[in-house]
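build me a model from this:
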Amino acid sequence: MVFYFTSNVVSPPVILFMGLDKYENEDLIKWGWPEDVWFHVDKVSSAHVYLRLNPGQTLDDVAAAVIEDAAQLVKANSISGNKMNDVDVVYTMWANLKKTESMEVGQVGFHKEKEVRKVRVVRRNPETINRLNKTKEEKQVDFRAEKEKRDRLEREDRKKLLREQKEKERVDQKRKQEEAEMRSYSSLMKSENMTSNYDDGNDSDDFM
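From the prediction side, this is the model:
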(Lines give C-alpha, C1' and ligand atoms only; values in the text may rest on other atoms or scores of the structure.)
Protein backbone atom coordinates (compact mmCIF):
# COMPACT_ATOMS: atom_id res chain seq x y z
CA MET A 1 0.00 0.00 0.00
CA VAL A 2 1.28 3.45 -0.95
CA PHE A 3 -0.07 6.73 0.37
CA TYR A 4 -0.24 9.64 -2.06
CA PHE A 5 -0.54 13.31 -1.07
CA THR A 6 -1.08 16.33 -3.29
CA SER A 7 1.06 19.36 -2.52
CA ASN A 8 -0.71 22.37 -4.02
CA VAL A 9 1.77 24.98 -2.82
CA VAL A 10 3.02 25.16 -6.41
CA SER A 11 1.26 25.23 -9.76
CA PRO A 12 0.77 22.70 -11.14
CA PRO A 13 0.53 20.71 -7.91
CA VAL A 14 2.99 17.86 -7.24
CA ILE A 15 2.52 14.44 -5.70
CA LEU A 16 4.31 13.19 -2.58
CA PHE A 17 4.14 9.50 -1.70
CA MET A 18 5.29 7.09 0.98
CA GLY A 19 5.07 3.40 1.82
CA LEU A 20 2.79 1.88 4.45
CA ASP A 21 5.65 0.41 6.48
CA LYS A 22 9.33 -0.53 6.34
CA TYR A 23 8.63 -3.39 3.93
CA GLU A 24 6.91 -1.04 1.51
CA ASN A 25 9.84 1.32 1.99
CA GLU A 26 12.18 -1.50 1.03
CA ASP A 27 10.31 -1.94 -2.27
CA LEU A 28 10.42 1.79 -2.90
CA ILE A 29 14.17 1.76 -2.32
CA LYS A 30 14.64 -1.21 -4.65
CA TRP A 31 12.35 -0.05 -7.43
CA GLY A 32 12.76 3.72 -7.19
CA TRP A 33 13.13 5.95 -10.23
CA PRO A 34 16.07 8.19 -11.12
CA GLU A 35 13.59 11.07 -10.98
CA ASP A 36 12.66 10.39 -7.34
CA VAL A 37 13.71 12.64 -4.46
CA TRP A 38 13.89 10.82 -1.10
CA PHE A 39 13.10 12.52 2.25
CA HIS A 40 13.73 11.21 5.78
CA VAL A 41 14.13 12.61 9.29
CA ASP A 42 17.85 12.69 10.06
CA LYS A 43 19.20 10.14 12.55
CA VAL A 44 15.80 8.87 13.73
CA SER A 45 13.23 6.47 12.35
CA SER A 46 10.61 7.99 10.06
CA ALA A 47 8.59 7.38 6.94
CA HIS A 48 10.34 7.51 3.59
CA VAL A 49 8.66 10.22 1.55
CA TYR A 50 9.27 10.63 -2.17
CA LEU A 51 8.75 13.35 -4.72
CA ARG A 52 8.91 12.36 -8.39
CA LEU A 53 10.49 14.98 -10.62
CA ASN A 54 10.05 15.39 -14.34
CA PRO A 55 12.85 13.99 -16.52
CA GLY A 56 15.77 16.41 -16.61
CA GLN A 57 14.88 18.17 -13.37
CA THR A 58 17.29 18.31 -10.41
CA LEU A 59 17.11 19.12 -6.71
CA ASP A 60 17.67 22.75 -7.59
CA ASP A 61 14.34 22.74 -9.43
CA VAL A 62 12.33 21.76 -6.33
CA ALA A 63 10.50 24.71 -4.80
CA ALA A 64 11.27 25.48 -1.16
CA ALA A 65 7.55 25.23 -0.34
CA VAL A 66 7.43 21.65 -1.68
CA ILE A 67 10.51 20.73 0.35
CA GLU A 68 8.78 22.15 3.42
CA ASP A 69 5.67 20.05 2.74
CA ALA A 70 7.74 16.87 2.35
CA ALA A 71 9.74 17.68 5.49
CA GLN A 72 6.59 18.24 7.52
CA LEU A 73 5.19 14.96 6.21
CA VAL A 74 8.19 12.85 7.25
CA LYS A 75 8.33 14.56 10.64
CA ALA A 76 4.63 13.88 11.22
CA ASN A 77 5.21 10.24 10.31
CA SER A 78 8.10 9.72 12.69
CA ILE A 79 7.27 8.35 16.15
CA SER A 80 10.09 10.19 17.87
CA GLY A 81 10.67 12.94 15.33
CA ASN A 82 7.05 14.09 15.55
CA LYS A 83 7.55 14.90 19.23
CA MET A 84 10.74 16.87 18.69
CA ASN A 85 11.37 20.47 17.71
CA ASP A 86 14.29 21.60 15.57
CA VAL A 87 14.75 18.36 13.67
CA ASP A 88 16.71 18.01 10.46
CA VAL A 89 15.22 16.34 7.42
CA VAL A 90 17.65 14.95 4.86
CA TYR A 91 16.85 14.60 1.20
CA THR A 92 18.67 13.39 -1.86
CA MET A 93 18.05 11.80 -5.25
CA TRP A 94 17.04 8.13 -5.20
CA ALA A 95 20.17 7.19 -7.19
CA ASN A 96 22.28 8.34 -4.24
CA LEU A 97 20.70 5.81 -1.86
CA LYS A 98 22.94 2.88 -0.97
CA LYS A 99 21.61 -0.47 0.19
CA THR A 100 23.83 -3.32 1.43
CA GLU A 101 22.97 -6.84 2.54
CA SER A 102 23.98 -6.09 6.13
CA MET A 103 21.40 -3.30 6.47
CA GLU A 104 18.07 -3.87 8.17
CA VAL A 105 14.79 -3.72 6.28
CA GLY A 106 14.05 -0.13 5.25
CA GLN A 107 17.53 1.08 6.20
CA VAL A 108 19.67 2.93 3.67
CA GLY A 109 22.95 4.80 3.38
CA PHE A 110 24.36 7.15 0.78
CA HIS A 111 26.87 6.79 -2.01
CA LYS A 112 27.93 10.43 -1.72
CA GLU A 113 27.33 12.38 1.46
CA LYS A 114 27.99 15.66 -0.33
CA GLU A 115 24.88 15.08 -2.45
CA VAL A 116 22.66 14.90 0.63
CA ARG A 117 20.88 18.10 1.62
CA LYS A 118 19.24 19.10 4.89
CA VAL A 119 16.36 21.31 5.89
CA ARG A 120 15.57 22.28 9.47
CA VAL A 121 11.99 21.80 10.69
CA VAL A 122 11.53 23.99 13.75
CA ARG A 123 8.20 22.53 14.77
CA ARG A 124 5.24 20.57 13.46
CA ASN A 125 2.87 22.66 11.37
CA PRO A 126 -0.67 21.30 11.90
CA GLU A 127 -2.11 23.37 9.05
CA THR A 128 0.32 21.84 6.56
CA ILE A 129 -0.30 18.30 7.79
CA ASN A 130 -4.08 18.77 7.74
CA ARG A 131 -3.92 20.19 4.22
CA LEU A 132 -1.87 17.25 2.97
CA ASN A 133 -3.95 14.63 4.79
CA LYS A 134 -7.12 15.93 3.12
CA THR A 135 -5.60 14.86 -0.22
CA LYS A 136 -4.41 11.45 1.00
CA GLU A 137 -5.12 8.47 -1.25
CA GLU A 138 -4.24 4.80 -0.75
CA LYS A 139 -3.23 2.68 -3.75
CA GLN A 140 -1.91 -0.80 -4.34
CA VAL A 141 1.17 -0.48 -6.52
CA ASP A 142 3.30 -3.06 -8.30
CA PHE A 143 6.62 -1.25 -7.86
CA ARG A 144 8.56 -3.62 -10.08
CA ALA A 145 6.07 -3.43 -12.95
CA GLU A 146 5.98 0.38 -12.73
CA LYS A 147 9.79 0.59 -12.82
CA GLU A 148 10.11 -1.90 -15.69
CA LYS A 149 7.51 0.05 -17.68
CA ARG A 150 9.38 3.29 -17.03
CA ASP A 151 12.70 1.74 -18.08
CA ARG A 152 11.16 0.21 -21.22
CA LEU A 153 9.75 3.56 -22.31
CA GLU A 154 13.13 5.19 -21.64
CA ARG A 155 14.87 2.60 -23.82
CA GLU A 156 12.35 3.14 -26.59
CA ASP A 157 12.82 6.91 -26.39
CA ARG A 158 16.60 6.45 -26.46
CA LYS A 159 16.36 4.20 -29.55
CA LYS A 160 14.05 6.69 -31.25
CA LEU A 161 16.45 9.53 -30.50
CA LEU A 162 19.36 7.47 -31.84
CA ARG A 163 17.44 6.75 -35.06
CA GLU A 164 16.63 10.43 -35.45
CA GLN A 165 20.27 11.37 -34.89
CA LYS A 166 21.45 8.84 -37.47
CA GLU A 167 18.89 10.10 -39.97
CA LYS A 168 19.96 13.69 -39.36
CA GLU A 169 23.59 12.71 -39.85
CA ARG A 170 22.67 10.93 -43.10
CA VAL A 171 20.77 13.98 -44.38
CA ASP A 172 23.60 16.33 -43.35
CA GLN A 173 26.19 14.12 -45.05
CA LYS A 174 24.12 13.98 -48.22
CA ARG A 175 23.69 17.78 -48.18
CA LYS A 176 27.41 18.33 -47.70
CA GLN A 177 28.19 15.94 -50.53
CA GLU A 178 25.75 17.71 -52.85
CA GLU A 179 27.22 21.09 -51.90
CA ALA A 180 30.73 19.81 -52.59
CA GLU A 181 29.68 18.48 -55.97
CA MET A 182 27.99 21.77 -56.78
CA ARG A 183 31.13 23.74 -55.86
CA SER A 184 33.22 21.41 -58.01
CA TYR A 185 30.84 21.80 -60.95
CA SER A 186 30.76 25.59 -60.58
CA SER A 187 34.54 25.68 -60.58
CA LEU A 188 34.71 23.71 -63.81
CA MET A 189 32.21 26.02 -65.49
CA LYS A 190 34.28 29.20 -64.87
CA SER A 191 35.47 30.74 -68.15
CA GLU A 192 39.14 30.66 -67.16
CA ASN A 193 38.89 26.90 -66.67
CA MET A 194 37.23 26.25 -70.03
CA THR A 195 39.18 25.35 -73.22
CA SER A 196 38.53 25.82 -76.95
CA ASN A 197 40.12 25.06 -80.31
CA TYR A 198 41.99 28.36 -80.05
CA ASP A 199 43.77 27.39 -76.88
CA ASP A 200 47.46 26.56 -76.78
CA GLY A 201 48.16 28.71 -79.80
CA ASN A 202 45.97 26.69 -82.14
CA ASP A 203 44.03 29.24 -84.19
CA SER A 204 42.92 26.81 -86.86
CA ASP A 205 39.60 25.14 -87.22
CA ASP A 206 41.39 22.10 -88.61
CA PHE A 207 41.86 19.12 -86.40
CA MET A 208 44.80 17.80 -88.32
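
going forward, measure contacts between C-alpha atoms and count neighbours the same way
Noted.

got the contact list for the residue nearest in space to the middle of the chain?
Centre of the chain computed as the mean C-alpha position; nearest residue by Cα atoms, centre = their mean is Pro55, 3.4 Å away. Going by Cα atoms under 8 Å, 6 or more residues apart in numbering, Pro55 touches Glu35.

which phi and psi does it have?
Here is the backbone geometry of Pro55 (degrees, to the nearest 10): phi -50, psi 130.

tell me the confidence at it?
With respect to pLDDT, Pro55 scores 88.

look up how far Arg150 lies from it.
Remark: distance between Pro55 and Arg150 (Cα to Cα, to the nearest Å) = 11 Å.

what pairs with the closest residue to Asn133 other than its chain neighbours across the strands?
Nearest residue to Asn133 in three dimensions, chain neighbours excluded: Phe5, at 6.9 Å (Cα to Cα, 6 or more residues apart in numbering). Note on Phe5: beta-bridge partners Leu16, judged by DSSP bridges.

give me the number of residues near Phe5?
As a burial measure, Phe5 scores 22 neighbours (other Cα atoms under 10 Å).

and it, how close does it get to Val62?
Phe5 is 16 Å from Val62, by Cα to Cα.

show me where the chain has its strands.
Here the chain has its strands, by DSSP state E, at 2-7, 14-19, 36-41, 49-52, 87-93, 97-98, 109-110, 117-121, 137-139.

could you report the neighbour count for the closest residue to Asn8 other than its chain neighbours?
Leaving aside its sequence neighbours, Asn8 sits nearest to Val14 (Cα to Cα, 6+ apart; 6.7 Å). Using other Cα under 10 Å, Val14 has 15 neighbouring residues.

residues in contact with Val14?
Contact analysis of Val14 by Cα under 8 Å, 6+ apart lists 6-8, 51.

so for the lengthiest helix in the chain, mean pLDDT?
In the chain, taking DSSP state H as the definition, the longest helix is helix 143-188. Helix 143-188 comes out with an average pLDDT of 84.

and the angle for it with strand 2-7?
60 degrees (axes from the mean of the first three to the mean of the last three Cα atoms, to 10 degrees).

where in the chain is pLDDT low?
Within the chain, the ranges that satisfy pLDDT under 70 run 187-208.

got the domain ranges for it?
In terms of domains, the chain is parsed into 2-141, 143-190 (source: automatic domain parsing).

could you say which of these is packed most deeply?
Of all the domains of the chain, domain 2-141 carries the top mean neighbour count, a mean of 17, counting by mean count of other Cα atoms under 10 Å.

that one: how far from the chain's middle?
Computed by Cα atoms, centre = their mean, to the nearest Å, the chain-centroid distance of domain 2-141 equals 17 Å.

and that domain, end to end?
The separation between the terminal residues of domain 2-141, taken as Cα to Cα, is 7 Å.

likewise for stretch 17-25?
OK, stretch 17-25 end separation, Cα to Cα: 11 Å.

pretty sure Glu24 is touching Phe17, no?
No: under the criterion of Cα atoms under 8 Å, Glu24 makes no contact with Phe17, lying 11.4 Å away.

between these two, what contacts are shared?
Joint contacts of Glu24 and Phe17 (Cα under 8 Å, 6+ apart) are Val2.
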